[in-house]
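1. Sequence plus predicted model, see below.
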Amino acid sequence: MLILVINCGSSSVKYQLVQTDTGEALARGSVERIGMSGAVISVFRHDGYEAKFGAEILDHIMAIEQILSYLVHPKHGVIKDKSEIEAVGHRVVHGGQKFTSSVLIDEEVIANIRQCIELAPLHNPHNIRGINAVLRNLPGLPQVAVFDTAFHSTLPKRAFLYPLPYVLYRRYEIRRYGFHGTSHYFVYNRAIELCGGDKNKTKVITAHLGNGCSITAVDGGKSVDTSMGLTPLEGLVMGTRCGDIDPSIILHVMGREELSLAEATALLNKHSGLWGLSGTSSDMRDLIEESKNGDKRAQMAIDVYCYRLKKYIGAYAAAMGGLDALVFTAGVGENSPLVRAKTCEGLEFFGLEIDKKANKATVGMEGLISKKSSRVKVYTIPTKEELVIAIDTARIVKESRKK
Ligand code: ADP
C-alpha cells in the first residue's frame, strides 16, 4: 500500500511517502517555518534527487496542500495523482491511557486525542491540526493515528507510578507514559533478529538519542521501563531539555527569577540540556568539535550526557535482572562512536565490552559494535519510525476493509 506518513510540529510538517509492500520510502521531506516568513519545503526522492523551495505557508492546511502538489509534480514528484495515496498515518505524541495501539481516525478518536492535550499541550494540538489538514486536502481518505506512547502501555504499575499523592493519578492520570515508542519498538525487534535470541527470554535496552533522548528496558518483548515520563521532559540529558532534575529546583528558580509558568516551561524545555550546559549548541556534532578544540564547557556537557546515560543502563539492567543486548539509535546513537564509547566505558564488569575498531567504523549504519567475547551484545541500529507508522497504517486500513 502507498501510505503518506505525517509528523506535525508547531511550525513544521515532516512527511514520507512509503510503499509498504517493499518498505521503500519513495519521497520524504519537510515544510519548515509554517506561519513565519521564509517557509521552506524540501523534497528528497528515493533516486537521490533533492530540491528546496521557498513559499508563503500560513498554516498546516497549506503545508499539506504544498506537500501533495510536490508529490504529484511532473518534475519533482514521484506519483501521477494524489488518488494513488491509499491512506495517511500520523505520528501522534500522546495517547494517554486511552490508546494502547494504533487506531483508525474518526470523530470520536479526534475528540479523545483532543482530551489528551492536557497531558501534552506542546505536542497534541499540532497532531490534531495535521489530521484536520489532511481531512481538508484528501477528504474521505482513511487516516490512522500511531501513538508515541503505545509501546509503553505494558509498563507495570511499579514503573509508571510517581511517588505523589495517589489521588493525582486517579484524578488527572498523572503517571509515566513514555515516548519514542515506535522507534524503541522498531530497533528492539531488529535487535532480536540480529542476536537471534528467544524473544520471551531476551532482555534488551534501547537508547534513542536524537534531539530528544529516551531509553527503554524491554523484557520478554514488553517495554517494562522507560525514561520519559508524563511528558517528554523526564529522563536523559537532551538537546535543549533538562531530563531528570530535583523538582524543587524549578520552584526555587521560579521564585528567585520571578518566572511565569510559560517562562519556566521554556527554561526546562528549550534552554536546558546540552544547550544549557554548554552555552553554545544543542547539537552533539558542534560540542564534539568544540571539545576537540579545548572548550571545557562543551566537554563537560558531553560528560554529563554520557554519565547519566550510563547510570540508566545500569539501572535498567538491575530492573530486568540481566542484560543481553544494548542498542544505540537516532542521530547521536547512530553517528557518534565517541558518545557510545564514553557511555559504555567501565561497564566491562557486567560483561559489556565495546570493540573499539567496530565502534569507530559503524557510523550511520547497522552494526555490532561489541567484542566477540562480550556477553552483552551492543548494536547500532538506524531507526525507521516512519516505516513502523506506514506498516501499522496499512494493517489497520486493510483490517477495516474486511469489516
Ligand atoms: P530528532 O530528534 O530531531 O529526530 P535526530 O535523530 O536527527 O533528531 O538527532 C539529532 C542529533 O543527532 C543532533 O544532536 C545531532 O548533532 C546528532 N548527530 C547527527 N550526526 C551526528 C554525528 N555524526 N556525530 C554526533 N552527533 C550527531
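-> Looks like it arrived, so ask away. Numbers count the residues shown, from 1 in each chain.

2. Residue 101: neighbouring residues, count only.
-> Residue 101 sits with 12 neighbouring residues when counted by other CB atoms under 10 Å. (Each C-beta comes from the backbone N, C-alpha and C, glycine too.)

3. Please list all residues in contact with the nearest residue to it once chain neighbours are set aside.
-> Counting by CB to CB, 6 or more residues apart in numbering, residue 150 is the residue found nearest to residue 101 once chain neighbours are left out, at 5.4 Å. Residue 150 makes contact with 95, 99-102, 181 under the criterion CB atoms under 8 Å, 6 or more residues apart in numbering.

4. now the residues you listed in TSV, with secondary structure?
-> Formatted as TSV, the contacts of residue 150 follow (DSSP: H, G, I helix; E, B strand; the rest coil):
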residue	secondary structure
95	coil
99	coil
100	coil
101	coil
102	coil
181	helix
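
5. For the residue nearest to residue 101, give its distance to residue 106.
-> Per CB to CB, to the nearest Å, residue 150 is found 18 Å from residue 106.

6. and if you look at residue 100?
-> 18 Å.

7. higher neighbour count, the two?
-> Using other CB under 10 Å as the criterion, residue 100 and residue 106 rank with residue 100 on top: 15 against 11.

8. tell me the contacts of that one?
-> By CB under 8 Å, 6+ apart, the contact set of residue 100 is 150, 153.

9. what do you get for the one 3 residues further on?
-> Under the criterion of CB under 8 Å, 6+ apart, the contact partners of residue 103 comprise 109, 144-145, 396.

10. Provide the count of other residues in contact range of the nearest residue in space to residue 117 that is not next to it in sequence.
-> Computed as CB to CB, 6+ apart, the closest residue to residue 117 that is not its neighbour in sequence is residue 124, at 4.7 Å. If you count neighbours by other CB under 10 Å, residue 124 ends up with 22.

11. go on, residue 391?
-> Close neighbours of residue 391, defined as other CB under 10 Å, add up to 20.

12. thinking it is in contact with residue 20, fair?
-> Yes. Between residue 391 and residue 20 there is a contact under CB atoms under 8 Å: 5.5 Å.

13. now for the longest strand seen in the chain, which elements pack on it?
-> The strand that spans the most residues within the chain, counting by DSSP state E, is strand 24-32. With contacts taken as 3 or more CB pairs under 8 Å, 6 or more residues apart in numbering; DSSP states H and E, strand 24-32 sits against strand 13-19, strand 39-45, helix 60-71, helix 385-402.

14. would JSON lines of these with mean pLDDT be doable?
-> JSON lines is the format used below for the helices and strands packed on strand 24-32 (pLDDT from 0 to 100):
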{"stretch": "strand 13-19", "mean pLDDT": "97"}
{"stretch": "strand 39-45", "mean pLDDT": "95"}
{"stretch": "helix 60-71", "mean pLDDT": "94"}
{"stretch": "helix 385-402", "mean pLDDT": "96"}
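
15. Tell me who's in contact with residue 275.
-> Per CB under 8 Å, 6+ apart, neighbours of residue 275: 239-240, 281-282.

16. Redo these as CSV? Include neighbour count.
-> Formatted as CSV, the contacts of residue 275 follow (neighbours: other CB atoms under 10 Å):
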residue, neighbour count
239, 21
240, 17
281, 16
282, 21
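
17. quick one: which of those is nearest to the ligand?
-> Closest approach between these and the ligand, by CB to the nearest ligand atom: residue 239, at 5.4 Å.

18. which residues does residue 257 contact?
-> Contacts of residue 257 (CB under 8 Å, 6+ apart): residue 263.

19. Need the pLDDT of it.
-> Looking at residue 257, its pLDDT is 96.

20. same deal with residue 37?
-> pLDDT at residue 37 comes out at 89.

21. The residue lying farthest from the centre of the chain sits in which helix or strand?
-> Relative to the mean C-alpha coordinate of the chain, counting by CA atoms, centre = their mean, the farthest residue is residue 256 (34.0 Å). In the assignment (DSSP states H and E), residue 256 maps to helix 247-257.

22. what are the C-alpha coordinates of that helix, in PDB please?
-> What follows is helix 247-257, C-alpha atoms only, in PDB (Å, rounded to 0.1, in the frame of the first residue of the first chain):
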ATOM      1  CA  PRO A 247      11.800  19.100  41.200                       C
ATOM      2  CA  SER A 248      12.500  21.700  43.900                       C
ATOM      3  CA  ILE A 249      15.000  23.400  41.600                       C
ATOM      4  CA  ILE A 250      12.200  24.800  39.400                       C
ATOM      5  CA  LEU A 251      10.200  26.100  42.400                       C
ATOM      6  CA  HIS A 252      13.400  27.700  43.700                       C
ATOM      7  CA  VAL A 253      14.300  29.300  40.400                       C
ATOM      8  CA  MET A 254      10.800  30.500  39.700                       C
ATOM      9  CA  GLY A 255      10.800  32.300  43.000                       C
ATOM     10  CA  ARG A 256      14.200  33.900  42.600                       C
ATOM     11  CA  GLU A 257      13.900  35.000  39.000                       C
END
